[in-house]
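# model this:
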Amino acid sequence: MLFRKDHAGIFGSESALKDGVIRDANIFAQEHGKIAIPISEKEHPVGILGDWASFEYRFRLVDTKASFIVVSDPPGAKIEIDGRFVGLAPKVIEGAADANTLATIRATPASLDTPVLGVLSGFTNVNGRLTLDPSSVGVVSLVFPNTPASQMGLLSGDRIVSVNGVVLPETTGGTESEQTWTAALRNEFLRVGFGGQVTLKVIRNGIATELKGQTSEQTEGEFYVQEKVVNPRAFDNQAVLFDMRRPSAMPVLVSRKGNEIRPHKGETSTGTGFVVAEGGYVLTCQHVIGKSDTIVVRDTTGAKHIAKVVASDKENDLCLLIVDNLEIKPIPAAPPNSVRAGESVYCLGFPMEGVLENQDPVAGNGVVASLRGLNGDPRHLQITVPVNPGNSGGPVLDAHGRWVAVASHKLSDSYGLATTGQTPQGINFAVKGSLVISLFDSIPEVKMPVSESEENLSLEQITKQLSGAIVLISATQ
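Next up, the predicted model:
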């Protein structure tokens with residue numbers, strides 16, 4: 001390329017010329033499915049006075065894509081890449097990468113609502129490279145080792161046509177067809193349940209074959225968040241495996257209702273509690289306390305008090321504490337079973353402690369969406385008031401300033417994604433107040449006040465009148 005230096009105003013600047021060359025090189029590379037990386041440039045003077053120059057640019061073309069699969073043991077871990085959620089393991093990852101690209105992959109243990117076999121479907125497997133292919137839904141793309149699928153003899157290329165005699169829908173390659181087939185398979189696995197017996201009919205090399213085995217067991221217990229920094233090019237056509245049982249600095253208690261990140265030994269977790277009876281009796285959630293050695297309660301004046309467990313109900317996630325030198329008027333309970341679906345409710349609590357750092361409790365409002373919880377659980381209310389980390393153990397209050405339930409948990413992202421393919425919004429749960437009565441059986445001399453008041457209060461009034469009875473709980477393992 002010839003360029004006259006003293007004619008920059010006519011022909012453009014030297015940098016503009018270079019930018020144009022790089023742009024053209026990238027266009028050429030993209031047309032061939034690659035990326036152009038500059039490796040050198042040279043200037044060669046031309047002409048008697050050297051006022052013209054020839055510029056030479058050299059580029060190296062590299063493959064723009066790397067494809068690898070992220071696998072977790074047990075399956076279903078929530079996968080994030082560079083802080084962005086990408087799906088649940090096993091998950092195929094595709095993207096542009098070169099020799100210098102690094103990616104931080106984090107795997108967070110999560111519960112599954114549906115049993116799995118341990119196969120990947122809906123991808124074309126060519127020489128180890130997995131490419132998304134809706135027309136391959138129902139065809140086994142990959143079988144993971146040491147899974148129910150491998151134990152029952154499933155092979156790559158098998159087409160699954162029925163589960164326990166129920167024929168699955170035909171697939172046409174379209175998105176709607178893919179969703180219909182996936183939903184049908186999930187429904188049949190739900191019927192079977194975790195660890196249930198299953199008979200698959202598959203077409204293998206044009207011949208119908210029956211395979212017998214069982215679905216995966218439910219993932220429950222303590223697992224650990226894992227993180228790796230990888231070069232995607234180095235793992236092209238390979239698997240990145242996360243062993244969720246390997247101890248790390250962030251344990252997670254996995255259960256059917258969600259996942260609770262638990263502190264390591266010596267670390268502190270926080271939650272909310274509220275005074276329910278004279279004498280310093282504070283109610284909270286059992287998972288806030290866990291197996292703590294030290295429990296400290298901070299009131300809204302900033303004063304800190306030592307607390308100890310009086311009674312707990314692990315099954316219903318409730319815990320009653322007694323707090324030294326805490327002379328605060330309790331919040332009265334509403335009469336049993338007085339709450340109604342559609343009724344306005346309010347929450348007070350200390351969410352995201354360490355981030356928000358509030359001295360006074362944070363207020364929120366919403367409605368009672370349902371008188372039943374997850375899978376119709378009669379012990380819980382479904383509410384639309386946000387329940388964030390730290391809100392657990394706080395009171396759910398009616399419009400008369402009486403507590404009706406204890407904020408407990410929200411529907412986890414992994415549960416919603418596994419069930420519907422969607423991230424849940426505003427689906428939160430609270431333990432019904434009627435379950436608290438049994439906690440007082442061991443201390444019959446202590447009475448929990450109940451109010452019959454019908455005076456309607458605004459959120460502002462409730463916050464002003466009741467904030468003093470809300471405490472921040474710090475539990476050290």
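# helices along the stretch 301-450 of the chain, start to end?
Shown for the stretch 301-450 of the chain, the helices assigned by DSSP state H, counting those that start in this stretch span residues 413-420.
# pLDDT below threshold where in it?
Judged by pLDDT under 70, the stretch 301-450 of the chain has its weakly predicted residues at 354-356, 412-424.
# now for S434, how many residues are close by?
The tally of other residues near S434 (other C-beta atoms under 10 Å) stands at 17. Every C-beta, even on glycine, is put in place using the N, C-alpha and C of the backbone.
# that one contacts P336, doesn't it?
Yes - between S434 and P336 a contact is recorded at 4.8 Å, counting by C-beta atoms under 8 Å.
# can you list the domains in the protein?
Domain segmentation of the chain under automatic domain parsing yields 2-63, 65-214, 268-476.
# among the ones you listed, which is nearest M250?
Distances from M250 to each of the domains of the chain were compared using C-beta to C-beta; the minimum, 8.3 Å, belongs to domain 65-214.
# how close does the closest residue to D299 other than its chain neighbours sit to P74?
Distance criterion C-beta to C-beta, 6 or more residues apart in numbering; nearest residue to D299, sequence neighbours excluded, is V471 at 5.4 Å. Using C-beta to C-beta, to the nearest Å, we find V471 at a distance of 37 Å from P74.
# compare neighbour counts for those two and give me the winner.
Set V471 next to P74 and count neighbours by other C-beta under 10 Å: V471 wins out with 31 against 23.
# okay, the helix or strand hosting the more buried one in CSV with CA atoms only?
Under the criterion of DSSP states H and E, V471 resides in strand 470-476. Taking only C-alpha atoms (Å, rounded to 0.1, in the frame of the first residue of the first chain), the coordinates of strand 470-476 have been written out as CSV:
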residue,chain,number,x,y,z
ILE,A,470,-36.4,-6.3,65.1
VAL,A,471,-32.8,-7.5,65.8
LEU,A,472,-29.8,-8.5,63.7
ILE,A,473,-28.5,-11.9,64.5
SER,A,474,-24.8,-12.9,64.0
ALA,A,475,-24.1,-16.6,64.3
THR,A,476,-20.5,-17.8,64.4
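# please compute how far that strand lies from its chain's middle.
For strand 470-476, the separation from the chain centroid amounts to 25 Å (computed by C-alpha atoms, centre = their mean, to the nearest Å).
# report the buried residues of it.
Taking 16 or more other C-beta atoms under 10 Å as the neighbour-count basis, strand 470-476 is seen to contain the buried residues 470-475.
# now stretch 71-84
Judged by neighbour count using 16+ other C-beta under 10 Å, the buried positions of stretch 71-84 are 71-81.
# what about the nearest residue to K78 once chain neighbours are set aside, distance to A89?
The spatial neighbour of K78 that comes closest, neighbours along the chain excluded (C-beta to C-beta, 6+ apart), is T108 at 4.3 Å. Applying C-beta to C-beta, one obtains 10 Å for the distance of T108 from A89.
# mutual contacts of these two, please.
In terms of C-beta atoms under 8 Å, 6 or more residues apart in numbering, T108 and A89 are both contacted by the residues A77.
# now do the end-to-end distance for stretch 160-180.
14 Å (C-alpha to C-alpha, to the nearest Å).
# mean confidence score for it?
In this model, stretch 160-180 has an average pLDDT of 86.
# ok, and for it, which residues are buried?
Neighbour-count burial for stretch 160-180 flags 160, 163, 168, 171, 177-178, 180 (criterion: 16+ other C-beta under 10 Å).
# quick check: the nearest residue to P74 once chain neighbours are set aside vs L120, distance?
Residue nearest to P74 in three dimensions, not counting chain neighbours: T219, with 4.6 Å by C-beta to C-beta, 6+ apart. Relative to L120, T219 is positioned 18 Å away (criterion: C-beta to C-beta).
# surely A89 and P75 touch.
Yes - A89 lies in contact with P75 (C-beta under 8 Å); the separation is 5.9 Å.
# neighbouring contacts of stretch 452-468?
In this structure, residues lying in contact with stretch 452-468 by C-beta under 8 Å, 6+ apart are 299-300, 328-329, 331-332, 335, 346, 348, 360-361, 363, 365, 395, 397, 399-402.
# among these, the buried ones, what's the ChimeraX command?
Selection command for ChimeraX covering only the buried members of these, criterion 16+ other C-beta under 10 Å:
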select :299,300,328,331,332,346,348,361,363,365,395,397,399,400,401,402
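# so G193 sits right up against Q214, yeah?
No - using C-beta under 8 Å, G193 and Q214 do not qualify as a contacting pair, with a distance of 9.8 Å.
# so which of the two has more stuff around it?
Q214 (17 against 14).
# hey, what's the more buried one bridged with?
Taking DSSP bridges, one obtains Q197 as the residues bridged to Q214.
# now C319
T284, S312.
# pretty sure it contacts K308?
No - counting by C-beta under 8 Å, C319 does not reach K308; the two are 10.8 Å apart.
# more crowded one of the two?
More neighbours sit around C319 than around the other of C319 and K308, counting by other C-beta under 10 Å; the figures are 28 against 10.
# in contact with the more buried one, which residues are there?
Counting by C-beta under 8 Å, 6+ apart, C319 makes contact with 283-286, 288-289, 309, 311-313, 393.
# top of those by neighbour count?
Ranked by the number of neighbours (other C-beta under 10 Å), those place G393 first, at 32 neighbours.
# can you pull the contacts of that residue?
The contact partners of G393, taken as C-beta under 8 Å, 6+ apart, are 271-274, 283-285, 288, 319, 349, 406-407, 473.
# for it, which non-adjacent residue is spatially closest?
Of all residues apart from its sequence neighbours, T284 sits closest to G393 (C-beta to C-beta, 6+ apart), at 3.3 Å.
# quick check, pLDDT for that neighbour.
Value listed for T284 in the pLDDT field: 94.
# same check on the one 3 residues further on?
Reading off the per-residue confidence, H287 sits at a pLDDT of 87.
# please report how far it lies from N205.
As judged by C-beta to C-beta, H287 and N205 stand 51 Å apart.
# cool, and P148?
Summarising the geometry, the distance separating P148 from N205, computed by C-beta to C-beta, is 22 Å.
# with neighbour numbers in mind, choose between these two.
When neighbours are counted by other C-beta under 10 Å, P148 and N205 differ, and P148 comes out ahead with 20 against 8.
# the more buried one touches L211, doesn't it?
No - proximity of P148 to L211 does not meet the contact threshold set by C-beta under 8 Å, at 10.3 Å.
# how far away is the residue nearest to K78 from D236?
25 Å.
# looking at those two, which has the bigger crowd around it?
When T108 and D236 are compared for neighbours, T108 comes out ahead with 25 against 15, by other C-beta under 10 Å.
# surely the more buried one touches G76?
No - using C-beta under 8 Å, T108 makes no contact with G76, being 10.1 Å away.
# and V288, that one's in a helix?
Yes - counting by DSSP: H, G, I helix; E, B strand; the rest coil, V288 is located in a helix.
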